[in-house]
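A.B. asks: Sequence plus the predicted model coming up.
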Amino acid sequence: MGRATGKYSVTLPEDIVEEVRARSWSSGLSAYVAETVRHQIEQDRLAELLAAMEAEHGVVTDERINAVPDRIHQAHVEQGVRSAPPPGGTGAA
């Protein structure tokens with residue numbers, strides 16, 4: 001069964017519609033627009049999740065991201081799990 005749909009009026013610039021039609025020949029204009037809107041909603045939700053996580057745990061910096069492999073390796077060491085040291089890492093956290 002397909003999803004329930006409705007018919008809506010949306011105003012778009014002509015140049016955008018022309019480009020979308022050129023790119024959506026197999027799926028159709030409505031399907032292309034629906035998928036694009038769905039993608040944007042996913043991006044918005046991810047941004048909201050990131051903002052909530054940063055509000056609780058602080059800003060995600062490159063330094064914190066780069067520390068993750070070492071922290072995973074250290075957790076493995078503490079749990080007795082055999083694993084190779086992280087690429088470029090020291091194996092110590």
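C.D. replies: Great, that's in hand. Numbers count the residues shown, from 1 in each chain.
A.B. asks: pull the CA atoms of stretch 28-37 into CSV?
C.D. replies: Provided in CSV are the C-alpha atoms of stretch 28-37 (Å, rounded to 0.1, in the frame of the first residue of the first chain):
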residue,chain,number,x,y,z
GLY,A,28,8.0,12.7,-11.8
LEU,A,29,7.9,16.2,-10.3
SER,A,30,5.8,15.4,-7.3
ALA,A,31,7.9,12.4,-6.2
TYR,A,32,11.1,14.4,-6.7
VAL,A,33,9.8,17.3,-4.6
ALA,A,34,8.5,14.9,-1.9
GLU,A,35,11.8,13.2,-1.6
THR,A,36,13.7,16.5,-1.5
VAL,A,37,11.4,17.8,1.3
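A.B. asks: For the spatially closest residue to S27 that is not a sequence neighbour, give its distance to V20.
C.D. replies: Nearest non-adjacent residue to S27, counting by CB to CB, 6 or more residues apart in numbering: E35, 7.6 Å away. In short, each C-beta sits where N, CA and C put it, glycine included. In this view, E35 and V20 are 11 Å apart by CB to CB, to the nearest Å.
A.B. asks: again with A51
C.D. replies: 30 Å.
A.B. asks: higher neighbour count, the two?
C.D. replies: Neighbour totals were compared for A51 and V20, and V20 leads with 15 against 10 (other CB atoms under 10 Å).
A.B. asks: for the helix or strand containing that one, packing partners?
C.D. replies: For V20, the element it lies in under DSSP states H and E is helix 14-23. Applying 3 or more CB pairs under 8 Å, 6 or more residues apart in numbering; DSSP states H and E, we find helix 14-23 packed against helix 29-57.
A.B. asks: What mean pLDDT does the helix it packs on get?
C.D. replies: If you average the pLDDT over helix 29-57, you get 95.
A.B. asks: Compute the mean per-residue pLDDT across the very next helix or strand once past that helix, please.
C.D. replies: For helix 29-57, the succeeding helix or strand toward the C-terminus, using DSSP H and E, is helix 62-79. Per-residue pLDDT over helix 62-79 has a mean of 91.
A.B. asks: Pull out the buried positions in helix 62-79.
C.D. replies: For helix 62-79, a neighbour-count test (16 or more other CB atoms under 10 Å) marks 69-70, 73-74, 76 as buried.
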